[in-house]
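Colleague: Please work out how this folds:
(2 chains)
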Amino acid sequence: MKEGDIRFLKLLILVNGAVPLALLMWDQAHRRLGANPQNFLILTTGMMTLIFLMLTMAVTPLRKITGWNWLIHFRRMLGLYAFFYGCLHFLCFFSLDRGFNISSTLTEMVKRKYLIIGSAALLIMVPLAFTSTNAMIKWMGGKRWRALHRLAYVAAICGAIHYYMQVKADVRQPLVFAAVLAVLLGWRLVVYWQRPKPAPLPTAKPKPEA
Amino acid sequence: MKETDKISASEITDPAVYFNRRNFIRTGILAASVVATGLAYRQLNHPAAAKINPVKTVSLAGVVSAPTNSAGGFSVAEPQTSLENITHYNNFYEFSTDKEGVAAAAANFETKGWQVSVEGLVRKPKIFDLDDLLKISSPEERIYRMRCVEGWSMVIPWAGFSLSKLLAVVEPTNDAKYVAFETLLDPKRMPGQNSSVLKWPYVEGLRMDEAMHPLTLLASGIYGNALPPQDGAPIRLVTPWKYGFKGIKSIVKIKLVAAQPRTTWGEYAPGEYGFYANVNPTVDHPRWSQATEQRIGEPGRRPTLMFNGYEEQVGHLYAGMDLRNNF
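Modeller: You can find the predicted model right below:
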């Protein structure tokens, strides 16, 4: 694939990832976020974080199944959008829910289980975002980088649990995220189990016949 | 040679044209993808539905204003929540678990021929036609705070009369210690009841002294109009010092009983929703804080008041009780 095509694919994700944010800001400016805009902003940014995490993790399975290797060029940008919406989600909580009060934000974050788990998800994403550059991948080496970035699964699991825990009774939406996550993880496990076994090393060299 | 050179040169697409076509296609793909993403977002995320369903207002005849003396707690001097927000942001799982989807789901709810059975430990049990029930007393306007257990609140001008007036008509016996309430069970008219998210019908209860308290309201209207379906038409309970879920909607049965009745949310999660459910900023929900609330229509959060600001009126009902255990 040509350099220009790759750049275009990345541009596609860059622009489309910003669409939910743009519409959210548009609706906010036109007072169309419903009766409880504060809650709506917190909920929507949280959902976007989960959606982008799932999309990021769907890249490799899709690529392997379809053979469309160009999908790989989407992955970094999708992952960074997940982190971006996660940060917005936290900022909405900090400003709209906690009124910029640092001590009440921190108290709530350690007191409420769903917030501990949500914070863990966001904190896990920090090193992943930080090590997302080519230079970092080169510096760490592919193997170590891949091992670190498997933490994306942990972040997504924490995110889905965080969502599930703060729902009052209707858990259908959190369960949809959990189901998608289970499929993505399940695919990884199947691939892991079906990997070709390395040929057993000969335990002792056959002695050459004298 | 010269001639063929010329021909082949003209057959080669001008690089400028070639790149322009490419850019044209790319711009098209980009624009189409943005439209698709935008539509997908709109499909999944629709808060703006509020404007679609204007509230049908049926005038409630003869609403008299609440006693002006605010010591009784009958009228709160705080900005009232807009009718638009009251009617398009509330919980009523019988129709939808989406607070902003209830109004549309309940729009065609029919309440013709409604009856309320008042029974149990009473001397004069009776099945009331709604009209007869509403004739017991003329509706008063009561401007109450409404605090949802989820952490948001409103100020709502209800119309109705104290439950005690109905109870006086049926004459509870001395054995009656509690009042049990029941919502209509009819999955055809209340589509949310087809889902097993809660155990239907919705049931609630009050202790006798709570039920007899003058603030405890049988409401049949909002803003001087009949209750719209999404807010519990045709008749519902309002207990302003308790979390909103105690205010059972679309009531068909009121039964006087000797033992503490079961409650829907209490059965769903006994550790989270107690029988009393008094608003209390010092007793948190196990999963979230109850210290502050989001007043709908206001920026920022305001502190939640003890008994939702009705401590003066109802505090004595709970004297000596451990409110942490009896949450």
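Colleague: which residue ranges form the helices in the stretch 51-200 of chain B?
Modeller: For the stretch 51-200 of chain B, the helices defined by DSSP state H, counting those that start in this stretch cover B:83-88, B:102-106, B:130-134, B:163-170.
Colleague: okay, these, which one's buried deepest?
Modeller: Highest mean neighbour count of these: helix B:102-106, a mean of 23 (counted as mean count of other CB atoms under 10 Å in any protein chain shown). The C-beta positions use only the backbone N, C-alpha and C, and glycine is treated the same way.
Colleague: Is that one in proximity to chain A?
Modeller: No: against chain A, helix B:102-106 shows no contacts by CB under 8 Å from any CB of the partner chain, the least distance being 10.7 Å.
Colleague: B:Lys126: what's it in contact with?
Modeller: Counting by CB atoms under 8 Å, 6 or more residues apart in numbering or on different chains, B:Lys126 touches B:Ser117, B:Val118, B:Val169, B:Val170.
Colleague: gap between the second one and B:Ala77?
Modeller: Read that as B:Val118. 34 Å (CB to CB, to the nearest Å).
Colleague: before we move on, back to that, mind putting the helices of the stretch 51-200 of chain B in a markdown table, mean pLDDT and distance to A:Thr45 included?
Modeller: Below are the helices of the stretch 51-200 of chain B laid out as a markdown table (pLDDT from 0 to 100; distance: least, CB to CB, whole Å):
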| stretch | mean pLDDT | distance to A:Thr45 |
| --- | --- | --- |
| helix B:83-88 | 93 | 22 |
| helix B:102-106 | 93 | 24 |
| helix B:130-134 | 95 | 45 |
| helix B:163-170 | 97 | 43 |
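Colleague: could those helices be laid out in TSV, adding distance to A:Phe90?
Modeller: Shown next, in TSV, are the helices of the stretch 51-200 of chain B (distance: least, CB to CB, whole Å):
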stretch	distance to A:Phe90
helix B:83-88	27
helix B:102-106	30
helix B:130-134	50
helix B:163-170	45
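Colleague: what's the span of stretch B:174-185, first residue to last?
Modeller: Terminal residues of stretch B:174-185 lie 30 Å apart, using CA to CA, to the nearest Å.
Colleague: Give the buried residues for it.
Modeller: B:Ala176, B:Tyr178, B:Val179, B:Ala180, B:Phe181, B:Glu182, B:Thr183, B:Leu184 (16 or more other CB atoms under 10 Å in any protein chain shown).
Colleague: Can you tell me which of those comes closest to A:Leu41?
Modeller: A:Leu41 has its nearest neighbour among the buried residues of stretch B:174-185 in B:Thr183, at 32.7 Å by CB to CB.
Colleague: gap between the closest one and chain A?
Modeller: Noted for B:Thr183: a distance of 16 Å to chain A, by CB to the nearest CB, to the nearest Å.
Colleague: One more: B:Met306?
Modeller: Distance, B:Met306 to chain A, using CB to the nearest CB: 19 Å.
Colleague: Is it correct that that residue is in contact with B:Ala291?
Modeller: No: B:Met306 lies out of contact with B:Ala291 (CB atoms under 8 Å); the separation is 11.2 Å.
Colleague: Check the contact lists of those two and give me the overlap.
Modeller: Taking CB under 8 Å, 6+ apart as the contact rule, B:Met306 and B:Ala291 both touch B:Pro281, B:Thr282.
Colleague: in the chain, which helix has the most residues?
Modeller: I went with chain A, as the question did not name one. Counting residues, the longest helix in chain A under DSSP state H turns out to be helix A:37-66.
Colleague: wait, I meant chain B there
Modeller: From DSSP H, the single longest helix across chain B is helix B:15-44.
Colleague: Could I get the buried residue list for that helix?
Modeller: B:Val34, B:Thr37, B:Gly38, B:Tyr41.
Colleague: ditto for stretch B:116-123
Modeller: B:Val116, B:Val118, B:Gly120, B:Leu121, B:Val122.
Colleague: Export those to CSV and append columns for pLDDT.
Modeller: Converted to CSV, those look like this (pLDDT from 0 to 100):
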residue, pLDDT
B:Val116, 98
B:Val118, 98
B:Gly120, 98
B:Leu121, 98
B:Val122, 98
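Colleague: Tell me how many other residues surround A:Lys64.
Modeller: Counted with other CB atoms under 10 Å in any protein chain shown, residues neighbouring A:Lys64 total 13.
Colleague: Which residue, neighbours along the chain excluded, lies closest to it?
Modeller: If the residues on either side of it in the chain are set aside, A:Lys64 comes closest to A:Val191, at 7.4 Å by CB to CB, 6 or more residues apart in numbering or on different chains.
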